[in-house]
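**Q** Give me the fold of what follows.
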Amino acid sequence: MASSLPYLASNKNIDTLFAAILSAKIPDKFTQDFLQSTIGLKGSNDRQVIPLLRTLKFIDQSGSPTSSYRLLKSKETAKQAIADGVRQAYAPLFAANEHTHTLTNDKLKGLVAQVAGTDEDMTARIVSTLSALIKQGDFSTPNEAGVVIKSDSETPRKMVNKSQGLEQSPCALNFTTTFKYICLITHQKKFI
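**A** Have a look, this model is predicted:
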């Protein structure tokens with residue numbers, strides 16, 4: 001099933017956005033007026049920033065800043081907060097490849113097309129937005145929320161959803177194949 005991934009029509013102001021958030025006061029609501037008057041983004045394409053901030057979990061559905069937004073106010077925590085937001089907003093990509101943030105542009109396009117099932121134009125827009133966000137984030141440490149891919153040398157790779165406290169092994173993701181294999185073995189043992 002194809003996934004819906006966020007994108008902007010124009011990504012030229014992403015660095016301006018996060019720099020302005022760092023220096024501006026925290027609003028009661030992140031509105032179009034706040035975006036234009038305080039952040040300084042007045043273009044028609046800049047209006048898409050508000051839904052993007054929602055998807056990144058920096059503002060809630062009503063436009064109120066979240067605790068993650070508050071992390072954008074400190075140089076020490078802003079880059080990590082952006083990385084965490086990107087991991088959540090683009091979770092299907094990070095589930096498919098935990099090193100999405102290190103992929104070359106061509107490999108990233110291939111991954112987006114595979115996961116999202118988009119055409120070339122839409123894939124390019126998603127990749128452009130994601131690349132601009134990746135440049136703003138610090139992906140050197142694991143994220144604090146959402147899906148994390150863990151790898152142990154003694155156990156198979158596991159997908160962990162911290163918010164629900166659930167673990168899934170890759171076998172569970174391929175249940176049909178695993179189930180057929182178990183049934184085949186069980187079936188053979190019955191007739192032996």
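**Q** drop to CA atoms for contacts and neighbour counts, all remaining ones
**A** Noted.
**Q** Buried residues in stretch 87-97, which are they?
**A** For stretch 87-97, burial by neighbour count (16 or more other C-alpha atoms under 10 Å) applies to 87-95.
**Q** Among those residues, give me the pair with the biggest separation.
**A** Pairwise distances among the buried residues of stretch 87-97 were taken by C-alpha to C-alpha; the largest, 11.5 Å, belongs to A89 and A95.
**Q** Report the set of residues contacting both of the two.
**A** Applying C-alpha atoms under 8 Å, 6 or more residues apart in numbering, one finds that no residue jointly contacts A89 and A95.
**Q** which sections of this structure are below the confidence cut-off?
**A** Within the chain, the ranges that satisfy pLDDT under 70 run 1-2, 143-192.
**Q** which residue ranges form the helices in it?
**A** Assigned by DSSP state H, the helices in the chain fall at 14-23, 32-34, 49-55, 67-71, 75-89, 91-96, 105-116, 120-136, 170-173, 175-191.
**Q** rewinding a little: for the buried residues of stretch 87-97, which one is nearest A20?
**A** Proximity of the buried residues of stretch 87-97 to A20 (C-alpha to C-alpha) peaks at A89, which lies at 21.3 Å.
**Q** So the closest one is in contact with S4, correct?
**A** No: A89 is beyond contact range of S4, at 9.7 Å (criterion: C-alpha atoms under 8 Å).
**Q** Please parse this protein into its domains.
**A** What automatic domain parsing lists as the domains of the chain is 14-147, 151-191.
**Q** Tabulate those domains (a markdown table), appending distance to L8.
**A** As requested, the domains of the chain are exported to a markdown table (distance: least, C-alpha to C-alpha, whole Å):
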| stretch | distance to L8 |
| --- | --- |
| domain 14-147 | 6 |
| domain 151-191 | 27 |
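**Q** deepest of those domains, which one?
**A** Across the domains of the chain, the average number of neighbours (mean count of other C-alpha atoms under 10 Å) peaks for domain 14-147, which reaches a mean of 17.
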